[in-house]
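**Q** Could you work out the structure for the sequence below:
(one chain, ligands or ions: 2)
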Amino acid sequence: MIYTITLNPAIDRTMWVERIRDDEPNRIVREENYAGGKSIDVSKVLKNLGVESTALGFIGGFAGMELEGRLLNEGIGTDFIRVSGETRTNIIIHEISTGRQLSFYAKGPDIRPHELVMLIEQIEGLRDPEIVTIGGSLPPGLSPAVYRRIVTEAKKCEHNGCKAKVFLDVDGLSLRSSIEAAPDVIKPNIYELSELVGRELREIDEVLAAAREINRKGVEVVLVSMGPRGIVLVSAHEEYHAIPPQVKVENTVGAGDSSVAGFIYGMVNGKSLAECLIYAVAAGTATTLTEGTALANMEDFERLIPQITLRTLKTS
Ligand SMILES: Nc1ncnc2c1ncn2[C@@H]1O[C@H](COP(=O)(O)OP(=O)(O)OP(=O)(O)O)[C@@H](O)[C@H]1O
Ligand SMILES: O=P(O)(O)OC[C@@]1(O)O[C@H](CO)[C@@H](O)[C@@H]1O
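**A** Residues are numbered from 1 along each chain as shown. Ligands and ions are numbered 1, 2, ... in the order given. Next up, the predicted model:
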């Protein structure tokens, strides 16, 4: 089973207005609610690609029930820890006349110590986990050390006698402190990796050097996403750069999460690292073609795969 862990899920309340005016009421012409949060997005894209997963994390209150109900309706398995606070609602506004997108991310509910312990116990007891993916911001009440502990516990879990593969997609202090626990795969974007290594990265050579530093610290695969410039993969023996075609971008929310899902899709289908990377780029770019905060679908994903350019930088 694949488990996705989102500590701070959200309802993504997405609204469309013709033009944002600051001097008069803005009339909303369309509005949609989506179940959101980084690893929840991974579960949603995996579902679109025909792969089952179970979404874990904290939910609470009416918004939490709405989120769970939406996932249920989409046929996604869930096993959330219910908390006393209310799941957050993020606001995303699309200005139709310009294509501009404004996002306002709420902090999320306070997570109480006993609620955290319930999650850790759940992770310790995960049944048959093949892949565990962890992503997104920390809700109030939790410190970055929590991610390190979750990675450590997830790495102990076994699937058919093998250790679960642990993916991590977090940023800032959460990423820095979790590297010591050696997640198997991380997917920072270029800015998050720059922050991690403490220098601005622009050119591919600079990205490669930084990713190698992290690989040497025990992270088996480092995926660095760079928006329209695609993704660089660094592992001990292989290095690649996969580049998407030019597309008309509708929305970039969840593109990175979709890349994680595309990579996992490759892994569960027994593909090579290079093929997994191509899938990661195809899934990320497929999400940019969708409206609102909708995510990659199978049709766009399959259509994009042959359009991805793969540069092999190192094999041994
Ligand atoms: N403008 C774009 N054109 C084509 N593909 C894109 C574009 N932006 C993103 N993508 C695709 O999505 C992948 C991930 O995007 P990005 O590097 O922006 O991730 P991210 O910063 O983690 O995203 P987010 O935090 O918004 O989910 C890219 O590698 C690429 O395949
Ligand atoms: O605040 P976080 O946890 O960093 O990110 C939350 C979020 O932006 O991530 C998804 C897109 O990646 C959205 O569904 C959601 O609103």
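
**Q** Flag every residue of the stretch 1-150 of the chain that's near ligand 2.
**A** Applying C-beta under 6 Å from any ligand atom, we find that the stretch 1-150 of the chain lies next to ligand 2 at 8, 10, 12, 36-38, 41, 90, 105, 136-137. No exception for glycine: its C-beta is placed from N, CA and C like everyone else's.

**Q** Report the entries of those residues that also contact ligand 1.
**A** Applying C-beta under 6 Å from any ligand atom to those, none is adjacent to ligand 1.

**Q** So the residue of the stretch 201-316 of the chain found nearest ligand 1 versus ligand 2, what's the distance?
**A** Taking C-beta to the nearest ligand atom, ligand 1 has its nearest neighbour within the stretch 201-316 of the chain at Gly256, 2.0 Å off. Distance, Gly256 to ligand 2, using C-beta to the nearest ligand atom, to the nearest Å: 6 Å.

**Q** Count the neighbours of that residue for me.
**A** Other residues lying near Gly256 total 24 when counted by other C-beta atoms under 10 Å.

**Q** For it, give me its contacts.
**A** Gly256 makes contact with 38, 169, 187, 189, 225, 284 under the criterion C-beta atoms under 8 Å, 6 or more residues apart in numbering.

**Q** any chance of the residues you listed in TSV, with neighbour count too?
**A** Shown next, in TSV, are the contacts of Gly256 (neighbours: other C-beta atoms under 10 Å):
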residue	neighbour count
Lys38	25
Asp169	26
Lys187	27
Asn189	19
Ser225	23
Gly284	32
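
**Q** what does the stretch 51-200 of the chain put close to ligand 1?
**A** So far as C-beta under 6 Å from any ligand atom goes, the stretch 51-200 of the chain lies against ligand 1 at Asn189.

**Q** Chain neighbours aside, what residue packs nearest to whichever residue of the stretch 151-300 of the chain sits closest to ligand 2?
**A** Across the stretch 151-300 of the chain, the shortest distance to ligand 2 (C-beta to the nearest ligand atom) belongs to Gly254, at 4.2 Å. Nearest-residue entry for Gly254: Asp41, 4.5 Å, with adjacent residues in sequence omitted and distances by C-beta to C-beta, 6 or more residues apart in numbering.

**Q** can I assume that neighbour is in contact with Asp257?
**A** Yes - using C-beta atoms under 8 Å, Asp41 is in contact with Asp257, at 3.5 Å.
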